[in-house]
Structures are given as C-alpha cells and as structure tokens.
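S.K.: return atomic coordinates for the entry below.
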Amino acid sequence: MESNLSGLVPAAGLVPALPPAVTLGLTAAYTTLYALLFFSVYAQLWLVLLYGHKRLSYQTVFLALCLLWAALRTTLFSFYFRDTPRANRLGPLPFWLLYCCPVCLQFFTLTLMNLYFAQVVFKAKVKRRPEM
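M.R.: So this is what the prediction gives:
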C-alpha cells in the first residue's frame, strides 16, 4: 500500500502565522483583560454580599459563572508565558479544565440568560393579559 501523504508540506517547512513578539503581546493583552474581568466580577460578588442583596439569584449565578470562566481563561493564558508547547500538551484533566470547561460555562451562561429573558417576557405578558 502506498501512502498518500506525498503532497503534504513537511513539518520543517511550516512557520508560525504571527511573529513571536506579536504572539507575546496578544498573550499579555488577553491575560490582562481576563484578569481585569475576574477582579471586576469578584468585586461585584463582594458588593452583593456587602449590601445584602438576594444571594441566590440570576445575577449571582451569572456572576459566579463569569468568575469561574475568567479564572480559567486567565490561568490558561498565563501558562502561555512560560512554555507554549507544554501548555498545548496538557494531560486529560488539565486540558479539559482549561480548554473544554470554559466552553461549557459559556453554554450554561447563555442558557441562564435565555431562561431569565423568557421569565421577564412571560411576566410582561401576564401583566398585560392577566387571564394567561
């Protein structure tokens, strides 16, 4: 059997799409933005606790999901500062936690926002038509 890989570019001929200086700058920018998001959400959760708002609400669950998402993304991008190839070759659990779990958290956040929006729309319809 003959291999059909003769038309592929050898790995030695591949070059990165972006120069290392640009990659480092983007990594620093993303890490900074995710860290700022983390600290602003953390402050919001403390304000909820400080001012005695309802602790289990759409707002606090949304903020908690955002906090976890920002923490995972900040951790992932901080790994790229030390050793990029090693960050791309993580074990199964760290890989799932840093790459897959944030996607699941985004899905849960979107679902929570849809549920909240549906509740708001339903309450508005009930106010307009009480017989519903």
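
S.K.: could you use CA atoms for every contact and neighbour count after this?
M.R.: Will do.

S.K.: so what are the domain limits for this protein?
M.R.: 20-52, 54-131 (the TED database).

S.K.: other SSEs contacting the longest helix belonging to the chain?
M.R.: Identified as the longest helix of the chain according to DSSP state H is helix 20-50. Contact here means 3 or more C-alpha pairs under 8 Å, 6 or more residues apart in numbering; DSSP states H and E; on that basis helix 20-50 packs against helix 58-82.

S.K.: tell me the contacts of the residue nearest to F62 when sequence neighbours are not counted?
M.R.: Once flanking residues are discounted, F62 sits nearest to T109: 6.4 Å by C-alpha to C-alpha, 6 or more residues apart in numbering. Residues near T109 by C-alpha atoms under 8 Å, 6 or more residues apart in numbering: F62, L65, C66.

S.K.: may I see the buried residues of the lowest-mean-pLDDT helix or strand in the chain?
M.R.: The helix or strand of the chain with the poorest confidence is helix 84-88; it has a mean of 81 (mean pLDDT, DSSP states H and E). The neighbour-count check on helix 84-88 (16 or more other C-alpha atoms under 10 Å) flags A87 as buried.

S.K.: that helix: how far from the chain's middle?
M.R.: On the basis of C-alpha atoms, centre = their mean, to the nearest Å, helix 84-88 sits 19 Å off its chain's mean C-alpha point.

S.K.: so the host helix or strand of N114 versus helix 58-82, what angle?
M.R.: Element membership of N114 [criterion: DSSP states H and E] is helix 101-128. Per axes from the mean of the first three to the mean of the last three C-alpha atoms, to 10 degrees, the angle that helix 101-128 makes with helix 58-82 is 160 degrees.

S.K.: pLDDT on helix 101-128, on average?
M.R.: Here helix 101-128 scores 93 as its mean pLDDT.

S.K.: what does stretch 31-51 give?
M.R.: 96.

S.K.: got a list of contacts for it?
M.R.: Residues contacting stretch 31-51 (C-alpha under 8 Å, 6+ apart): 54-55, 60, 63-64, 66-67, 70-71, 73-74, 77-78.
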